[in-house]
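K.L.:
whatever this is, show me its structure:
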Amino acid sequence: MSEITAHHGIFKDTDLHVDDTGGSGRPIVLIHGWPLSGASWAHQVPAFEAAGYRVITYDRRGFGQSDKPLTGYTYDTLTEDLHALLEALDVTDVTLVGFSMGGGEVARYFTKYGTERLHSVVFAAAVPPFLAHLPGNPDGPLEESLAAKMTAQLTADQEAFYDDFVTQFFSVDGTLVVSEVERQSALELTKLADKNAALKTMAAFAHTDFRDDLKLVTVPTLVIHGDGDGTVPFEGSGKRTHEAIPASELHVIAGGPHGINASHPDEFNRVLLEFFAK
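P.N.:
So this is what the prediction gives:
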């Protein structure tokens, strides 16, 4: 593990916590979801490393063991952080895997930095193309009233909010589909999330429009999503992302909640490894 300075600010540098398996294999960069950390990829790192890949995870600014500055929670800055990491590690021919909120950094990367360092990308239960349900985005699955309610609940009582959020994260039609141990492991990661960062990134993933970013995705792309995802519903997100990227592949996990990488790790890993090999 190491720290990488992703951003030089007026007051202090912003350091990101990075875990890198090393080795000479092709690099896979795993970008975690909200409000977790790179540790949420525990079911993937050993499997991908065993298959010969160099696996890199990091904690987004404001989360996990990374620095928690007051600002920098737009997708432009978060994507700058990702690019700084790729540059610092000097990796090319990379596959970016963006889970949930992390799909936003994947999409925005093409607009800001193009394809020079990339081999392929994966959108896993990811928020693009545009979550907010607005007049200009009628297929957006997130109603403004729900977004406002989530903000109010997190502001008022973050412990209660995260307990419910993580439960829904791993539930299908109101039924928890992972063990309580798995749920508690995710809940522990939320305790490392800075409240200011969580609120600002919630606004970012809800209201950032990635539709133009997706038009620039020209590398091999996999979209993987659970058909029971109640947090980022497939019809309004993964399905639309697949349709927006003409050559993309799609895999839908039957009975999969939002947290498919933990609820269905064998299927998730198998599909991604098959895609990585192409």
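
K.L.:
tell me the phi and psi of Ala42?
P.N.:
Dihedral pair for Ala42: phi -60, psi -30, per degrees, to the nearest 10.

K.L.:
whoops, I mixed them up, Ala124
P.N.:
Ala124 has phi and psi values of phi -110, psi 110 when expressed as degrees, to the nearest 10.

K.L.:
quick check: bridge partners of it?
P.N.:
For Ala124, the residues forming beta bridges with it (DSSP bridges) are Phe99, Ile224.

K.L.:
so how far is Ile224 from it?
P.N.:
As for Ala124, its distance to Ile224 is 5 Å (criterion: CB to CB, to the nearest Å). Heads up, the C-betas are built off the backbone N, CA and C, glycines and all.

K.L.:
in stretch 216-223, what's buried?
P.N.:
For stretch 216-223, burial by neighbour count (16 or more other CB atoms under 10 Å) applies to Val217, Pro220, Thr221, Leu222, Val223.

K.L.:
what's next to it, contact-wise?
P.N.:
Contacts of stretch 216-223 with the rest of the structure, by CB atoms under 8 Å, 6 or more residues apart in numbering, involve 107, 110-111, 114-115, 118-123, 126, 238, 241-242, 245, 247-251, 271-272, 275, 278.

K.L.:
quick check: end-to-end length of it?
P.N.:
Chord length of stretch 216-223, first to last residue, is 16 Å (CA to CA, to the nearest Å).

K.L.:
try stretch 60-71
P.N.:
First-to-last residue span, stretch 60-71, CA to CA: 13 Å.

K.L.:
rewinding a little: quick check: neighbours shared by Ala124 and Ile224?
P.N.:
Between them, Ala124 and Ile224 share the contacting residues Ile260, Phe268, judged by CB under 8 Å, 6+ apart.

K.L.:
go through the chain and flag its longest helix.
P.N.:
As assigned by DSSP state H, the longest helix anywhere in the chain is helix 75-89.

K.L.:
how about residues contacting that one?
P.N.:
The contact list for helix 75-89 (CB under 8 Å, 6+ apart) reads 4-7, 14, 16, 18, 20, 27, 29, 31, 56, 58, 60-61, 71-72, 94, 96, 104-105, 108-109, 112-113, 117, 201, 204, 208.

K.L.:
buried among these? Need that as a selection in ChimeraX.
P.N.:
The buried residues among those can be selected in ChimeraX (16+ other CB under 10 Å) with this line:
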select :4,6,7,14,16,18,20,27,29,31,56,58,60,61,71,72,94,96,104,105,108,109,113,117,201,204,208
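
K.L.:
pull out the buried members of the contacts of stretch 216-223.
P.N.:
By 16+ other CB under 10 Å, the contacts of stretch 216-223 give 107, 110-111, 118-123, 126, 238, 241-242, 245, 248-251, 271-272, 275 as buried.

K.L.:
among these, name the ones in strands.
P.N.:
With DSSP state E as the criterion, strands contain Leu118, His119, Ser120, Val121, Val122, Phe123, Glu249, Leu250, His251 from among the buried ones among the contacts of stretch 216-223.

K.L.:
got TSV for the residues you listed, with distance to Glu182 and pLDDT too?
P.N.:
Shown next, in TSV, are these (distance: CB to CB, whole Å; pLDDT from 0 to 100):
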residue	distance to Glu182	pLDDT
Leu118	31	98
His119	31	98
Ser120	28	98
Val121	26	99
Val122	22	99
Phe123	23	99
Glu249	27	98
Leu250	26	98
His251	22	98
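
K.L.:
possible to save these as JSON lines with distance to Val45?
P.N.:
Below are these laid out as JSON lines (distance: CB to CB, whole Å):
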{"residue": "Leu118", "distance to Val45": "20"}
{"residue": "His119", "distance to Val45": "19"}
{"residue": "Ser120", "distance to Val45": "18"}
{"residue": "Val121", "distance to Val45": "18"}
{"residue": "Val122", "distance to Val45": "15"}
{"residue": "Phe123", "distance to Val45": "19"}
{"residue": "Glu249", "distance to Val45": "23"}
{"residue": "Leu250", "distance to Val45": "25"}
{"residue": "His251", "distance to Val45": "20"}
